[in-house]
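Asks: Provided below are the primary sequence and the corresponding predicted coordinates.
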Amino acid sequence: MSVDVLTPPDRIARATAWGRVLAADDVVVVRAAELTGLFATEAVVRLARCWELLGPDEALVDGGTYRYRRYGRLRAERDAPGHWRFTPLPHVPFRQSAEHVPHYGGRARMFGPIPPTELLDPTLVGLVAADLDIAGHVATDVRAWEIGLHMVRVVAVEGAPGSPTPESRHRDGHDFVGMHLLNRTGCTGGSSTIYPAGRPPVRLTMTDRLDTIIVVDPRLTHEVSPVSATDHVGVRDMLLVDLNAR
């Protein structure tokens, strides 16, 4: 089972502009307002409902219960500029090198799978295709990619902040990483800091649905601050996209 995504001309034009920024700075920030017209609002809302179905992250080393997640993988192949074919890959444990993320010591972590119907959701693969079109301005000759997808919810309650993933300043160990905000309610914090080599840090808070950051992961480090509740419960939902050339 696979799906094809044909990138509309207006999205190709915007991806070209964002890709040039990524190639120059190793990071590009795309605010939700800049994506206006590229994704139907009702389709994005429908995708965001998938975060209501996440299971607990049982790999937390601090014993907390504030993080929920699912994990899935796709293969992407480019047949022509703006034409991507996505195919789900078998579910496997997720592993990051202890060199990049020492918090988990390099051990494999098993998360609940993202079902194939959600992996091939038109809005989700459309977001991934946009990430690939942008990254393609750095990795110009790559036609096939292996993609890791993380649906992550962080929940904060009064007096108990929720930590994002991975904790602390890090690299993820991928060629590129896309970060998309899907929902944020009742919270403060969750502020991102990106540290490009030899340049001042980039600091921002993703506040609107589809606010996006894409980084050339080997060339910088990044971190996200904990999330605190402004009322009884705060929620921050993220789609994290790992892009690896194959």
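Replies: On my side now, so go ahead.
Asks: Give the buried residues for the longest helix belonging to the chain.
Replies: In the chain, with assignment by DSSP state H, the single longest helix is helix 9-25. Using 16 or more other Cβ atoms under 10 Å as the test for burial, helix 9-25 gives 11, 14-15, 18-19, 21-23, 25. All C-beta atoms are positioned from the backbone trio N, CA, C, and that covers glycine.
Asks: now do stretch 68-78
Replies: Quick answer for stretch 68-78 (16+ other Cβ under 10 Å): 68-74, 76, 78.
Asks: Same list, these, but as CSV with distance to residue 7, secondary structure and pLDDT please.
Replies: Below are the buried residues of stretch 68-78 laid out as CSV (distance: Cβ to Cβ, whole Å; DSSP: H, G, I helix; E, B strand; the rest coil; pLDDT from 0 to 100):
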residue, distance to residue 7, secondary structure, pLDDT
68, 31, strand, 97
69, 28, strand, 97
70, 26, strand, 98
71, 26, strand, 98
72, 22, strand, 98
73, 21, strand, 98
74, 16, strand, 98
76, 12, strand, 98
78, 10, strand, 94
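Asks: which one of those residues is nearest residue 169?
Replies: Closest to residue 169 out of the buried residues of stretch 68-78 is residue 69 (20.6 Å), distances taken as Cβ to Cβ.
Asks: remind me which residues of this structure are low pLDDT?
Replies: 96-107 (pLDDT under 70).
Asks: rerun that using 80 as the cut-off
Replies: Applying pLDDT under 80 to the chain picks out residues 61-63, 95-108, 165-167.
Asks: Okay, helices next: where are they in it?
Replies: Going by DSSP H, the chain shows helices at 9-25, 41-48, 116-119, 122-135.
Asks: Need the phi and psi values for the residue nearest to residue 110 when sequence neighbours are not counted.
Replies: With Cβ to Cβ, 6 or more residues apart in numbering as the criterion, residue 110 has its nearest non-adjacent residue at 4.7 Å, and that residue is residue 93. In this entry, residue 93 is assigned phi and psi values of phi -60, psi 150 (degrees, to the nearest 10).
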